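> sequence first, predicted coordinates after that:
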Amino acid sequence: MSARRIEGEGEVLVSVEGVYKHFPIRQGIVFKKEVGRVHAVDGVDLRVRRGETLGIVGESGCGKSTLARCITGLHPVTSGRILFEGTDITGLPKSGLKAFRRDVQMIFQDPYGSLNPRRRVGSIIGDPFAVHATAAGAERKRRVQELMELVGLNPEHYNRFPAEFSGGQRQRIGVARALALRPKLIVCDEPVSALDVSIQAQVVNLLKDLQDEFGLTYVFIAHDLSLVRYVSDRVAVMYLGKVAEAAAVEDVYVRPRHPYTAALLSAASVSDPDAAERAERIVLTGDVPSPIQPPPGCRFHPRCPKAAGRCVEEDPPLIRRDGDAPGHVTACHFPVEPGESLAGREASIAQVSTQPDLPEVEQ
Ligand SMILES: Nc1ncnc2c1ncn2[C@@H]1O[C@H](COP(=O)(O)OP(=O)(O)OP(=O)(O)O)[C@@H](O)[C@H]1O
Ligand code: SF4
Ligand SMILES: [Mg+2]
């Protein structure tokens, strides 16, 4: 949301290194034998630089929220490391995690579900002060009212219940709570998806203003590609638990290199008449494969119009390709070339997509 940044510029705040998060699938009443794993996050490498907004996009179920929860320490990782200001938070003892939890906050999609309806708004926003014992009594009330004012809520509504606020106001309550301890990083998981379009812009602009005022760093997850373009400095595109492409925002939107990114953008341009005139739509055939048995090689190959034999054998590394801007990385053996159109092209390799039933899953 701040000045445009690219990989290589600025100090790294968060470094996600080879992170996997698998959820075991168990069967059997007594022994609960592991019969498989959901590969929700399957080898992700990412950097988030101080003061920037990293957007994360991708189809439903590709692992965005799971990655977000790993970054905020809400999910233990299966393997890999997450460094925050150089410290590996995946191996921290509880005492170390407490300091980390002050610095990293999360804003959730559902402003209704994430607020306890039986508690007054003042005490909800003041929770972080209580948990971290940083302010009590009249001081806590003063600071909560300051936060309410900061996010555009009337401080006199301190004693009201969540039900007395509109959807947009409830998300402002979530923002105030996240800001209470002056965090360095806020992970926003679809923060405006549940709000009316007219309210979405107000909340997004509030987040932008707060970022400028407090030098915040955001990881911003959303389905709406134009919103991600508006808020992000850099974007990572996820597909089935992995990063398919990442770059400065305009590099991804103007010169997508991964066939999946190109398809996502062409689908989105249908709702944007100007873009629709310029772009022909790429229709992805085939189902999203199961995260329990991801396809071998490049996991996009069963749906990819450019797939060739090598794609079935070899998982493409996420690297910078010839001619791309610094920090523009793509996991594809045959990236989309400038001027190349994928419109009207079908998946080039026959697919066998297995969708096993999901029995009981354990975190
Ligand atoms: N606690 C859990 N236990 C078991 N499986 C899970 C759990 N959380 C997520 N998953 C599975 O992991 C995969 C990734 O889910 P995740 O919620 O991270 O996707 P997402 O990209 O956030 O999707 P959406 O856009 O719908 O929010 C999915 O297959 C999901 O069913
Ligand atoms: S590696 Fe092959 S299958 Fe994967 S996106 Fe590139 S061309 Fe398509
Ligand atoms: Mg999600």
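Alright, I've got the coordinates. Numbering: from 1, shown residues only. Ligands and ions are numbered 1, 2, ... in the order given.
> which bits of the stretch 251-363 of the chain sit near ligand 2?
Residues of the stretch 251-363 of the chain lying close to ligand 2 (C-beta under 6 Å from any ligand atom) are 258-259, 298, 300-301, 304, 306-307, 311, 316, 332-334. C-beta here means a position set from N, CA and C on the backbone, and glycine is covered the same way.
> which of these fall within helices?
Using DSSP state H, the subset of those located in helices is 259, 311.
> report the buried members of the residues of the stretch 251-363 of the chain next to ligand 2.
By neighbour count, with 16 or more other C-beta atoms under 10 Å, those hold 258-259, 298, 300-301, 304, 306-307, 311, 316, 332-334 as buried.
> for ligand 2, give me its nearest residue in the stretch 151-300 of the chain.
residue 298 (3.1 Å; C-beta to the nearest ligand atom).
> swap in the stretch 1-150 of the chain?
For the stretch 1-150 of the chain, C-beta to the nearest ligand atom, closest residue to ligand 2: residue 58, 13.8 Å.
> quick revisit: quick one: the residue of the stretch 151-300 of the chain closest to ligand 2 and residue 316, what's the gap?
Using C-beta to C-beta, to the nearest Å, residue 298 is found at 5 Å from residue 316.
> now do the shared contacts for the two.
Common contacts of residue 298 and residue 316, defined by C-beta atoms under 8 Å, 6 or more residues apart in numbering, comprise 331-333.
> doesn't residue 25 belong to a strand?
Yes. Residue state for residue 25 (DSSP: H, G, I helix; E, B strand; the rest coil) corresponds to a strand.
> convert the C-alpha atoms of stretch 260-267 to CSV, please.
The C-alpha trace of stretch 260-267 is given here as CSV (Å, rounded to 0.1, in the frame of the first residue of the first chain):
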residue,chain,number,x,y,z
TYR,A,260,-2.3,-20.2,-14.0
THR,A,261,-1.8,-16.5,-13.3
ALA,A,262,-2.8,-15.6,-16.8
ALA,A,263,-5.9,-17.7,-16.5
LEU,A,264,-6.9,-16.2,-13.2
LEU,A,265,-6.4,-12.7,-14.6
SER,A,266,-8.3,-13.4,-17.8
ALA,A,267,-11.3,-14.7,-15.7
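> mind listing what's buried in that stretch?
Of the residues in stretch 260-267, those buried (16+ other C-beta under 10 Å) are 260-266.
> can you check stretch 133-153 too?
The neighbour-count check on stretch 133-153 (16+ other C-beta under 10 Å) flags 135, 140-141, 143-145, 147-148, 150-151, 153 as buried.
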